[in-house]
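A.B. asks: Everything below, folded, please.
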Amino acid sequence: MLHYLDAFAKEFCFHRDMLRSPSFDKLMPLKEFTDATNGYLIGGTCVLGAEVFVCKERTKGIRECLSRINDLYIGKQVWKVEQFSKLTDEYCMSEPFDAGDQKWRIKLFPKGFGEGKGTHLSIYLAFADWRITPPVTKIYTVFTLRIVDQKHGKHKTWTVEYCFTANSLSCGKPQFISLSNLEAEGFLKKNTCILEADVFVYGVSKEL
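C.D. replies: Have a look, this model is predicted:
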């Protein structure tokens, strides 16, 4: 947590997730900092300080250890969905694939889901086992879902940063692409569409 005060004792507070760099590349605009009326720079001098607080545990509860995964590893999956027009189930799943010592699947709703039901193709990334096995409690990810344009190479992608938990085992976009555009725009060819996923797991939380 970082605090700074101007000359008028106005306090600003910033917090940064421990998995990120413990610094602030853009704390404030330079123009705002050098404007003497704001009180940060007076007579060519500014004052910097830091406070570090170490808090002892006062209450009992679930304790977690948050670990950063330093080895960059991106799990990739390419899924060719054939006979698309004959899919009748609400959703279908790809074969499982590995990323960050976890197993994942691409989850496809061919007729849409939620806000996209009946109008859009809905694509999700799902935890393969449908449960997070203790002691792991949270899995921090950045992932990309993609549908391949088989004619023009203008693929449709969606990237998001997401924390998977026991209560949130899938994440995706219900309105990924309009069903009416699939074949015309090259995403459906010979009744086949191709879905891809790139998954980067950068941290996990475990119970202590």
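
A.B. asks: Please enumerate the helices of this protein.
C.D. replies: Applying DSSP state H to the chain gives helices spanning 30-34.

A.B. asks: for the protein, longest strand please?
C.D. replies: Under DSSP state E, the strand in the chain containing the largest number of residues is strand 193-207.

A.B. asks: Now do that one: which elements does it pack against?
C.D. replies: strand 64-68, strand 74-81, strand 97-99, strand 102-109, strand 120-127, strand 136-147 (3 or more C-beta pairs under 8 Å, 6 or more residues apart in numbering; DSSP states H and E). Placement of C-beta: from N, CA and C, glycine included.

A.B. asks: so where is the chain shaky, pLDDT-wise?
C.D. replies: 1-26, 43, 49-73, 130, 133, 135, 208 (pLDDT under 70).

A.B. asks: Please give me every residue in contact with the residue nearest the centre of it.
C.D. replies: By C-alpha atoms, centre = their mean, the chain has its centre lying nearest to Glu161, at 1.2 Å. For Glu161, the contact set (C-beta atoms under 8 Å, 6 or more residues apart in numbering) comprises 140-142.

A.B. asks: And for Ala126?
C.D. replies: 93, 104-107, 169-170, 172.

A.B. asks: Repeat the analysis, applying 10 Å as the threshold.
C.D. replies: Taking C-beta atoms under 10 Å, 6 or more residues apart in numbering, we find Ala126 in contact with 91, 93-94, 96, 104-107, 164, 169-172.

A.B. asks: Could you do Gly75 as well?
C.D. replies: 97-104, 141, 143, 197-201.

A.B. asks: before we move on, back to that, using CSV, lay out the contacts of Glu161 together with neighbour count and distance to Ile42.
C.D. replies: As requested, the contacts of Glu161 are exported to CSV (neighbours: other C-beta atoms under 10 Å; distance: C-beta to C-beta, whole Å):
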residue, neighbour count, distance to Ile42
Tyr140, 21, 42
Thr141, 22, 45
Val142, 14, 42
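
A.B. asks: List just the nearest of these to Leu125.
C.D. replies: Nearest to Leu125 out of the contacts of Glu161 is Thr141 (C-beta to C-beta; 8.0 Å).
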